[in-house]
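Chemist: Got a predicted structure here, sequence first:
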Amino acid sequence: MASPNVSSQAYSLTVLAPIVSERISDLVNYLDNVGSGDASPLSKVGSTHFARWVVMDAPVFEGGRQRRDSWSAPRLLFTSNFDGELDPYIERLRVGLGECADKVWGNCLDYPGHEQPAAFAGWIKRNQIDSSLFYAAYGGMAVEDVLRSLEIRHQLTEFAIAHQGDPPDDLKAAFLSEFQP
Amino acid sequence: MTLLDLPNIQGFVVRGYRLPVAAYLFLRVEDPIKASKWVSFAADEVITAAPWSEKPDAGINVAFTCAGLEALGVPAFSLGDFPLEFREGMAARAELLGDTEKSDPSRWEKPFDPGSAVHAMVMISAKDDDALAAHRDKVCQRIEEYGGFTLLATQIGKALEDDKEHNHEHFGYVDGIGQPSIEGSGVAPLPGQGAVDKKGDWRPIRAGEFILGYLDEEGVLPPAATPDQLVVNGSYLVYRKLRQDVAGFRRQLMKAAERYPGNEEKLAAKLVGRWRDGTPLVLSPEEPDQSLADDRMRNNAFSYCDDRQGSSCPVGGHIRRANPRDSLPFEGKLVNRHRMIRRGISYGPELPPGAEDDGEDRGLIFTSLQASIERQFEFVQSQWMNEGNVFGVGDDQDAVIGSQDRDPPRKMLVPGCPPFFMDNLARMVECAGGEYFFTPGINGLHFISAADG
């Protein structure tokens, strides 16, 4: 059976690790200031579409048929969706995050640090859970395809605005000169 | 279908009063015991949603901030259950809301400036200026007699009335046509006012989208703080003073219209999705139609199923962003969870046609009512007004009320043959202050009045 974590070329990684209780406020402080977008350390991890950490105090019971659940300790959720296989991604994560990985997961139970590739990968995988529903909004597009499409869209919009109202012949000439392969 | 407990719900949650003048009094609790006694008095004074035998000349409704509930002695365990955005207040949510630059909370006017802390709001609605003045005197006198409150500031609102019963806002558009109809409210739904229900059908929206203690669109009770005496029949109220740059709006429109293949009025209609008289573009794309605009059975009875590309009403048009109806997939499920009841009223003098900016403060007092500020007001503001991704228009923002705080300035696409880009958009509406309130049911007012005293 196909892995529930895979959609086309994309992989959905979900890691749920218990937090050492006396370190929660350190962790929250660090994550509050970790930055997002280009400033995020996760931007240094290649092929990542979207990733984030979330501190979860307790499972929420929403009623209905949901099972009531409880935890012995709060958990740190890490979700990422990326292109390609899991093993090389964990290595990119380890190298890309570097010491930042330790500042985050170092607050979790039994985390071995990022120095030893095998220990790091083993710990991530031990805390991995299957993604019960993975919807990849970008279809079969890899990160670089998405970025290239956005760039083309941006370029085309700029062009359309700059040449708004031009006579058809001028418009055609300008288009060919700007977008000729 | 559950019927609403109308005598225990504050009236403005369920119906627009169509009272054209209003005063908003902002109060701070100084003495909780005295203030609680006034709340008890107010519980018998507020206009409820029970049907009127006769329309009143004037009346009040009340709402409290989280700090206000705390000051009035609502216990900590209960306050802690209120949603985070309500506890934080509007200023703390500025980045999410696009309240940046001119709208930055550090620039907000009293009583929303960083030093003030609003605890309560009393909204007085009245049929005319005299009725408002008389009732306001009475209300203020009562508050003074009870003691316990300081009056921090007062905001007056006054509808800009046409010769007909419609109101327009300062940019010149008839406003307030689209409102969700509420299940069990006893108010007859008008075509197009409810929830999208399969192709072309409408039904009233479940009351729990707006009022706590009733089933919502998910078929469950909306999450609410405890105890239920405090929250049931209550609703969250968003108050925003939106200052409009009328001269700037007209200038931007006129400049863009020079290059637009249609005329200025048509471009004005494309920005909003309605002609200025209220005619929906989807129903009459080429010209306004007064008889259609005035007909409440028709002026909101449309969907976008035959206008997917937005050639009649642009996908980024204001009313299509605010209520995408059937534009989004999943048969309205994504839209029906993000509706709001709006109770806006203009303030400030009208700027005469063609006049230069006169420096007067004018705009709209925006108020909305909902069961979740985060899921409804904040979502619409951040994802539908200040973003365009879900509509396929990139990060373009609403051309009328969007923050336009991106660099370089963004555009609006008016589909057509050829398409028109209205570019270099600037902010035309700024937030001059605002806050998140909880407007309790009558049962909630009694609970609050008993909390400390």
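Modeler: Here it is on my side, so go on. Keep in mind the model is a prediction, meaning the values are calculated, not measured.
Chemist: quick one, strands of chain A?
Modeler: Shown for chain A, the strands assigned by DSSP state E span residues A:6-7, A:10-18, A:48-56, A:75-83, A:128-129.
Chemist: So chain A: which segments form each domain?
Modeler: Annotated domains of chain A cover A:6-129, A:143-179 [automatic domain parsing].
Chemist: Looking at these, which is nearest to B:Asn8?
Modeler: For B:Asn8, the closest of those is domain A:6-129, at 24.7 Å, according to CB to CB. Glycine gets a C-beta too; all of them are placed from N, C-alpha and C.
Chemist: now the end-to-end length of the closest one.
Modeler: From its first residue to its last, domain A:6-129 covers 13 Å (CA to CA, to the nearest Å).
Chemist: How far does that domain sit from its chain's centre?
Modeler: The chain centre lies 10 Å from the centre of domain A:6-129; the measure is CA atoms, centre = their mean, to the nearest Å.
Chemist: So which bits of chain B are right by chain A?
Modeler: B:220, B:259, B:394, B:411, B:419-421, B:423 (CB under 8 Å from any CB of the partner chain).
Chemist: from those, which two are the most distant?
Modeler: Farthest apart among the residues of chain B next to chain A - using CB to CB - are B:Val220 and B:Arg259, which lie 50.9 Å from each other.
Chemist: Ignoring the adjacent residues along the chain, who's closest to B:Phe149?
Modeler: Residue nearest to B:Phe149 in three dimensions, not counting chain neighbours: B:Leu27, with 4.4 Å by CB to CB, 6 or more residues apart in numbering or on different chains.
Chemist: wait, what's in contact with the closest residue to B:Gln370 other than its chain neighbours?
Modeler: In space, and not counting its chain neighbours, B:Gln370 is closest to B:Gln376: 3.8 Å by CB to CB, 6+ apart. Going by CB atoms under 8 Å, 6 or more residues apart in numbering or on different chains, B:Gln376 touches B:209, B:337-340, B:368, B:370.
Chemist: Considering these, which possesses the most neighbours?
Modeler: Of all the contacts of B:Gln376, B:Glu209 has the most neighbours under the rule other CB atoms under 10 Å in any protein chain shown, reaching 29 neighbours.
Chemist: rewinding a little: would you mind measuring from the residue nearest to B:Gln370 to B:Arg337?
Modeler: 8 Å (CB to CB, to the nearest Å).
Chemist: okay, and the common contacts of the two?
Modeler: B:Glu209.
Chemist: On the pLDDT front, check the residue nearest the centre of chain A for me.
Modeler: Relative to the mean C-alpha position of chain A, the nearest C-alpha, by CA atoms, centre = their mean, is the one of A:Ala51, at 2.1 Å. According to the prediction, A:Ala51 has pLDDT 95.
Chemist: Any stretches of the stretch 301-450 of chain B with poor pLDDT?
Modeler: Residue ranges of the stretch 301-450 of chain B with pLDDT under 70: none are present.
Chemist: Please enumerate the strands of it.
Modeler: Ranges of strands in the stretch 301-450 of chain B, per DSSP state E, counting those that start in this stretch, are B:341-342, B:345-347, B:363-370, B:412-414, B:420-422, B:429-439.
Chemist: A:Lys44: which of the ones you listed is closest?
Modeler: strand B:412-414 (34.7 Å).
Chemist: for the closest one, packing partners?
Modeler: Counting contacts by 3 or more CB pairs under 8 Å, 6 or more residues apart in numbering or on different chains; DSSP states H and E, strand B:412-414 is packed against helix B:264-272, strand B:420-422.
Chemist: can I get the ones you listed in a markdown table with mean neighbour count?
Modeler: Below are the helices and strands packed on strand B:412-414 laid out as a markdown table (neighbours: other CB atoms under 10 Å in any protein chain shown):
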| stretch | mean neighbour count |
| --- | --- |
| helix B:264-272 | 22 |
| strand B:420-422 | 23 |
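Chemist: what about the ones you listed, which gets the closest to B:Glu356?
Modeler: Nearest to B:Glu356 among the helices and strands packed on strand B:412-414 is helix B:264-272 (18.0 Å), distances taken as CB to CB.
Chemist: Can you pull the residues of chain A lying near chain B?
Modeler: So far as CB under 8 Å from any CB goes, chain A lies against chain B at A:62-64, A:153, A:157, A:160-161, A:164-165.
Chemist: Next step: the residues you listed restricted to helices.
Modeler: Here DSSP state H is the test, and those give A:153, A:157, A:160-161 as lying in helices.
Chemist: Now distance to B:Ala293 too, for the contacts of B:Gln376, in TSV please.
Modeler: Shown next, in TSV, are those (distance: CB to CB, whole Å):
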residue	distance to B:Ala293
B:Glu209	28
B:Arg337	29
B:His338	26
B:Arg339	22
B:Met340	23
B:Ser368	24
B:Gln370	27
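Chemist: Now do the residue of chain A found nearest chain B: how many residues are near it, please.
Modeler: Closest residue of chain A to chain B, CB to the nearest CB: A:Ile161 (4.8 Å). Other residues near A:Ile161 come to 15 when the count uses other CB under 10 Å.
Chemist: how far away is it from B:Gly354?
Modeler: Applying CB to CB to A:Ile161 and B:Gly354 gives a distance of 28 Å.
Chemist: re the thing from before, please report the distance of the residue of chain A closest to chain B from B:Asp307.
Modeler: 24 Å.
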